[in-house]
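K.L.:
need the 3D shape of this:
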Amino acid sequence: MKLFDVYSLWDIEPVRAEGCRVWDKDGQEYLDLYGGHAVISIGHSHPTYVKALQEQVAKIGFYSNSVQNSLQEELALKLGDQSGYPDYSLFLCNSGAEANENALKLASIHTGKRRVIAFKEAFHGRTSGAVAVTDNPAIQSAFNKGHEVVFLPLNNIHAVADEIQKGDVAAVLIEGIQGVAGIYVPETTFLQQLETLCNEQGVILILDEIQSGYGRTGQFFAHHQAGIKPHIITTAKGMGNGFPIGGLLISPIFEAKKGMLGTTFGGNHLACAAAIAVLDVMKEESLVDNAANIGKYLIEQLVQFPAVREIRGRGLMLGIEFIPEQASARNRLLFESHIFTGEAKNNVMRLLPPLSISKSDVDHFINELQRITN
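P.N.:
This is a model prediction of the structure:
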């Protein structure tokens, strides 16, 4: 049996990692500015994280959600405290796509409606409902297109208001920052108007913070910058620092009914141990502040490049457009210089490093970028 051909792969197999660096089987060292697609939040192989998983698996690694699990309660309390949502409820699952699926289901149950407003260039996952609200026909099937979804321009509140007035809208789903699209940031005023509109019209506002959350933008969630409170927040990626886990932060307006949501693996003992360790390290090492400070420093260095047309994003979620538009070529040259970077739509270089990245790491990247640009 062979693997199903899914991705174009870099010519490297990492076998060891620590902090912001990985090593291949030949012992070659690479600086990781992509964080495994924004997953590595506290750094690779953090000793607190490793110890938590080792100790937990030696006790009990898994049992289903038919029994009590105090680790889930501990995770909910710590996440509520650090995210600023202590009054919300937490539903645990396994991935970002699964989080969005459950958020859409919950919104539809709550409102009794079925239509969803999403935004052009949005990406929300690859499972059925998540693909339906993703603006990419290339990954949709006829089955996915059975959902009632309309894609509107980002930052156009009038278009949203007009669509809601047509009726039967259960939810508006928006990313804290559009990642795959090329790092596009919703305007603060737009988010505030969106919150007001949804509250007035009884529409559920869902914030997809799967890539933009967990401190990546220099605040715990990207939407904090706008001072809004969505009805549901979805999270994953950096939540487990590599261990699969996702979740929904759910407003008190929702009434929980047993059996309405469910999962076999979600919130298992190992996943919770990993997620608790992530929150502990983030707090102890002030990684949210580090993301804000290092992100600002990184932007200050990048704006000095004549070849940089535009820098978008906040904190350590940045997209860079070049003149000429050669992000792919630059990514390849940086890879040859042993630096991992990513790419988004519209030929944008995407930087999503661990939140523990240092100024010296940034300086190394800037020096190499300068060298390949000259």
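K.L.:
ok, and the closest non-adjacent residue to the residue nearest the centre of the chain?
P.N.:
Note on the chain: the residue nearest the mean C-alpha position is Gln211, at 1.3 Å, using CA atoms, centre = their mean. In space, and not counting its chain neighbours, Gln211 is closest to Gly179: 4.3 Å by CB to CB, 6 or more residues apart in numbering. Heads up, the C-betas are built off the backbone N, CA and C, glycines and all.
K.L.:
how many neighbours does that neighbour have?
P.N.:
Using other CB atoms under 10 Å, Gly179 has 27 neighbouring residues.
K.L.:
any idea how far it is from Ala122?
P.N.:
According to CB to CB, to the nearest Å, Gly179 stands 10 Å off from Ala122.
K.L.:
returning to that earlier point: helix, strand or coil: sort out the residue nearest to the centre of the chain for me.
P.N.:
coil (DSSP: H, G, I helix; E, B strand; the rest coil).
K.L.:
thinking it is in contact with Ile177, fair?
P.N.:
Yes. Taking CB atoms under 8 Å as the definition, Gln211 is a contact partner of Ile177 at 7.4 Å.
K.L.:
can you tell me the helix or strand for Pro244?
P.N.:
Counting by DSSP states H and E, Pro244 is held by no secondary-structure element, helix or strand.
K.L.:
I'd say it and Ala97 touch.
P.N.:
No. Assessed by CB under 8 Å, Pro244 is found out of contact with Ala97, at 11.2 Å.
K.L.:
ok, the residue nearest to the centre of the chain - contacts?
P.N.:
37-38, 96, 175-177, 179, 237, 317, 352 (CB atoms under 8 Å, 6 or more residues apart in numbering).
K.L.:
which among these end up buried?
P.N.:
Neighbour counting by 16 or more other CB atoms under 10 Å classes 38, 96, 175-177, 179, 237, 317, 352 among those as buried.
K.L.:
for this structure, which spans come out with low pLDDT?
P.N.:
The chain contains residues with pLDDT under 70 at 374.
K.L.:
give me the common contacts of Gln211 and Ile177.
P.N.:
With contacts taken as CB under 8 Å, 6+ apart, the residues that reach both Gln211 and Ile177 are Met317.
K.L.:
ok so, going back, quick one: the residue nearest to the centre of the chain and Gln28, what's the gap?
P.N.:
Distance, Gln211 to Gln28, using CB to CB: 28 Å.
K.L.:
OK, contacts around the nearest residue to Tyr214 once chain neighbours are set aside?
P.N.:
Excluding the flanking residues, the one nearest Tyr214 by CB to CB, 6+ apart is Gly238, at 3.5 Å. Going by CB under 8 Å, 6+ apart, Gly238 touches 35, 38-41, 213-216, 278, 355.
K.L.:
which one of those residues is nearest Asn346?
P.N.:
Minimum distance to Asn346 across the contacts of Gly238 is 18.2 Å, recorded for Ala38 (CB to CB).
K.L.:
much appreciated, bye for now.
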